[in-house]
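[1] Model the following, please.
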Amino acid sequence: MSIDLTEDTITKEVQSTFEGCHDARTRELFVDLVRHLHDFARETRLTGDEWFTAMDFLERVGKITTATRHEYVLLSDILGLSVLVDLINDHHGPHTTDSTLLGPFYVEGRPTAPNGADISGGVPGMPLFFTGRVVGQDGEPLSGVKVDTWHSDGDGHYDVQQEEKLHGRLAMRALMTTDDDGRFWYRSIVPRYYPVPTDGPCGEIIRAAERSPMRPEHIHFWLHADGFQPLITMLFRRDDPYLDQDAVFAAKRSLVADFVQHEPGTAPDGTQVDEPFQTLGWTFTLSPG
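    This is a model prediction of the structure:
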């Protein structure tokens, strides 16, 4: 290893330390990461105080991150990196449903629910009846597809943001399975647009940039089926006021849907609803694996 390195020679010296890495992809990633980081520091003439501020910022991102609050994921989201990675790796065909972000509020330990279940978990709000169908590129229904779905409440809060209020229980999320006709359906409550968490380090970036922290109203889906590519996607409300200023850059026109308003009466599942409610239907098309 060389000594007396200069601003112009240190980059190649650091890159050379990864030459012994047995995994070619790992070596490639770190060599390129060093190059871009060093180029950034040289191009911006990064100062020592700015470097210390950045290290302090990353430390605080780690400290606020928990099993239910993923601040590093949020940082990736608000910098557009999450969407960029999704776009780079989107290998779905032109006739399949577009993918988009997983988001920071997915929970692995979600409850399993049968079709037709009320997945609201007792959280109050305007009733929402969702009907989905999953098909292949040939239009044939796909049975046995595992579908994760989750969303916020009518105030824009997820269950994991209300642990004390909900006594730690999960709500407005479930794992479902499509029937022989490729259908899945459930009752829940209407979600709402909301700001991404701004009480942590990521909020400092949003305020410094004078950016909107808002996310348009949406419902998350993650579909898994044998022989098909997994699909992570969302559906967005067509008339949402924040549709064109999503703080995490995830909204797509192809995923804009109509949440239909109904007066009290008979719901799609045949039950009688004595208050206004909304319905939403969508067909998801998967790509072969």
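[2] What's the mean pLDDT across the helix or strand harbouring residue 55?
    For residue 55, the element it lies in under DSSP states H and E is helix 48-64. For helix 48-64, the mean pLDDT works out to 98.
[3] what does stretch 224-242 give?
    Computed over stretch 224-242, the average pLDDT equals 96.
[4] Start and end of that stretch, how far apart?
    End-to-end distance for stretch 224-242, by CA to CA, to the nearest Å: 30 Å.
[5] what comes up buried for that stretch?
    224-225, 228-229, 231-237, 240, 242 (16 or more other CB atoms under 10 Å). Heads up, the C-betas are built off the backbone N, CA and C, glycines and all.
[6] Now flag whichever of these is closest to residue 1.
    Comparing the buried residues of stretch 224-242 against residue 1 with CB to CB places residue 232 closest, at 43.3 Å.
[7] For the stretch 1-150 of the chain, just list every one of the strands.
    Assigned by DSSP state E, counting those that start in this stretch, the strands in the stretch 1-150 of the chain fall at 127-135, 146-151.
[8] who touches the first one?
    Outside of strand 127-135, the residues within contact range by CB atoms under 8 Å, 6 or more residues apart in numbering are 141-142, 145, 147, 149, 178, 181-191, 219, 221, 223, 225, 259, 267-269, 273, 275, 277-286.
[9] Name only those of these that count as buried.
    141-142, 145, 147, 149, 178, 182-191, 219, 221, 223, 225, 259, 267-268, 273, 277-280, 282, 284-286.
[10] does residue 219 really touch residue 235, like I thought?
    Yes. Here residue 219 reaches residue 235: they are 5.1 Å apart, a contact under CB atoms under 8 Å.
[11] residue contacts, residue 31?
    By CB under 8 Å, 6+ apart, the contact set of residue 31 is 15, 18.
[12] so what's the most centrally placed residue in the chain up against?
    The centroid of the chain falls nearest to residue 103 when counting by CA atoms, centre = their mean (2.1 Å). For residue 103, the contacting residues are 73, 77, 220, 234, 248, 250, by CB under 8 Å, 6+ apart.
[13] Enumerate every residue touching the fifth one.
    Spelled out, that is residue 248. By CB under 8 Å, 6+ apart, the neighbours of residue 248 are 77, 78, 80, 82, 83, 101, 103, 196, 215.
[14] Most neighbours among those, please name it.
    Within those, most neighbours by other CB atoms under 10 Å means residue 215, with 26 neighbours.
[15] Identify the bridge partners of that one.
    Residue 215 forms beta bridges with residue 194, as assigned by DSSP bridges.
[16] okay but it is in contact with residue 192, surely?
    No. The pair residue 215 / residue 192 is not scored as a contact, 10.0 Å apart, by CB under 8 Å.
[17] Would you list the phi and psi of residue 228?
    In terms of degrees, to the nearest 10, the main-chain angles of residue 228 are phi -130, psi 150.
[18] Look at residue 160 and report its pLDDT.
    pLDDT, residue 160: 89.
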